[in-house]
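**Student:** no letters, just coordinates:
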């Protein structure tokens, strides 16, 4: 059964058109409600038990494991942000002079700065792969360039499933296979894909998957979730939180200091990871996503974006081939004769929210958008030609 419009689950402004889910997801009513309920619980701290500290984390593990298709619950842990999760990864990868770190051009800064610092401290080099200049076959050529670049000197490939700026889709299974051939880590920033696009950890086998919670996971700001694979099962966290140590469930004996960390990825949990407000909100959000399923989410977004792409590509705009772009996030490249300032002014007058990245209008629809909204956006672009 196809997914229908879910607008009734949100409190969106009926007079605005929000095609900007890649910027930040609007709050689900159910997520807002559980956040308020748990905030009010802090009025009476005596009612908190050890279950409040650890129970929601276990629920997060189960929901996220279902979402990314993995049985490895010990690899899943709450994080404070994508940068926190990526910093943890970089802190636990041994590199030396002559090694290479492979990045895609124009990635989100959090997936650049940490590797820039690591390269400077270890002598490893960063190789940045730019997108092809030509529009014909752009996504396919970018994928092939990456595959051709992964050689025996590459120790880390760190990238997104969907490029945050233009929506280019990358074939992670092929990239995983190439990384296996040369013994490279595959690190995925899933912030702009997980929740909206199917991700199968059993097939992709990412060494680490890092997700901020406030975009396509539909969670609140200030919390995220990560999966760390077996290569990170004995690593060192970037902070020494009491909750990351062995036997931390036993409150009475916390002063009997432990030299051992908790099993698997639990050692990497952000301090105060048992956040009584944010964690239940993120769990409730992922529950909703699992109820929708990412494949139906993509199907709904495709029913919207097909309307847009078929029309405006005949008018001089350019959108990537469907095989190499996602339906929930993609770039519309404006004609060279058109100024982006004019596009911005026109869309703002119509109260249409999108993002702008270079020569691209970044469009990111979701299950709360309607056909009529996308048609209005499309008509607005058509009038500019």
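**Tutor:** On my side now, so go ahead. The shown structure was predicted, so the numbers you read here are calculated from the model rather than taken from an experiment. Residues are numbered from 1 along each chain as shown.
**Student:** what ranges do the strands span in the stretch 51-200 of the chain?
**Tutor:** When assigned using DSSP state E, counting those that start in this stretch, the strands of the stretch 51-200 of the chain occupy the ranges 76-79, 100-104, 125-129, 154-160, 185-189.
**Student:** out of these, flag the one nearest residue 353.
**Tutor:** Of all the strands of the stretch 51-200 of the chain, strand 154-160 sits nearest to residue 353, with 22.0 Å by C-beta to C-beta. Every residue, glycine included, has its C-beta placed from N, CA and C.
**Student:** show me this structure divided up by domain.
**Tutor:** Domain assignment for the chain, taken from automatic domain parsing, gives 7-19+294-383, 39-291.
**Student:** what ranges do the helices span in the stretch 251-385 of the chain?
**Tutor:** If DSSP state H, counting those that start in this stretch is used as the criterion, the helices of the stretch 251-385 of the chain fall at 278-292, 294-312, 340-349, 371-383.
**Student:** and those helices as JSON lines, adding mean neighbour count and mean pLDDT?
**Tutor:** Output for the helices of the stretch 251-385 of the chain, formatted as JSON lines (neighbours: other C-beta atoms under 10 Å; pLDDT from 0 to 100):
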{"stretch": "helix 278-292", "mean neighbour count": "22", "mean pLDDT": "98"}
{"stretch": "helix 294-312", "mean neighbour count": "18", "mean pLDDT": "89"}
{"stretch": "helix 340-349", "mean neighbour count": "13", "mean pLDDT": "95"}
{"stretch": "helix 371-383", "mean neighbour count": "16", "mean pLDDT": "93"}
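**Student:** if we can go back for a sec, tell me the most buried of the strands of the stretch 51-200 of the chain?
**Tutor:** Compared across these, strand 76-79 shows the largest average neighbour count, a mean of 26 (mean count of other C-beta atoms under 10 Å).
**Student:** chain center to it, what's the gap?
**Tutor:** Centroid separation between strand 76-79 and its chain, computed with C-alpha atoms, centre = their mean, to the nearest Å, is 14 Å.
**Student:** so where is the stretch 151-300 of the chain shaky, pLDDT-wise?
**Tutor:** Applying pLDDT under 70 to the predicted model, the residue ranges of the stretch 151-300 of the chain that meet it are 246-247, 250, 252-256, 259.
**Student:** again, only using 90
**Tutor:** For the stretch 151-300 of the chain, the stretches flagged by pLDDT under 90 are 164-166, 240-264, 266, 269-274, 276.
**Student:** now the closest residue to residue 220 other than its chain neighbours: how far from residue 292?
**Tutor:** In space, residue 220 comes closest to residue 281 once its chain neighbours are excluded; the distance is 4.7 Å by C-beta to C-beta, 6 or more residues apart in numbering. If you measure residue 281 against residue 292 using C-beta to C-beta, to the nearest Å, the figure is 17 Å.
**Student:** what of residue 339?
**Tutor:** Separation of residue 339 from residue 292 (C-beta to C-beta) stands at 38 Å.
**Student:** and residue 234, by the same measure?
**Tutor:** If you measure residue 234 against residue 292 using C-beta to C-beta, the figure is 36 Å.
**Student:** do a quick rundown of the helices in the stretch 51-200 of the chain.
**Tutor:** Read by DSSP H, counting those that start in this stretch, the stretch 51-200 of the chain holds these helices, from start to end of the chain: 82-91, 110-122, 138-149, 172-182.
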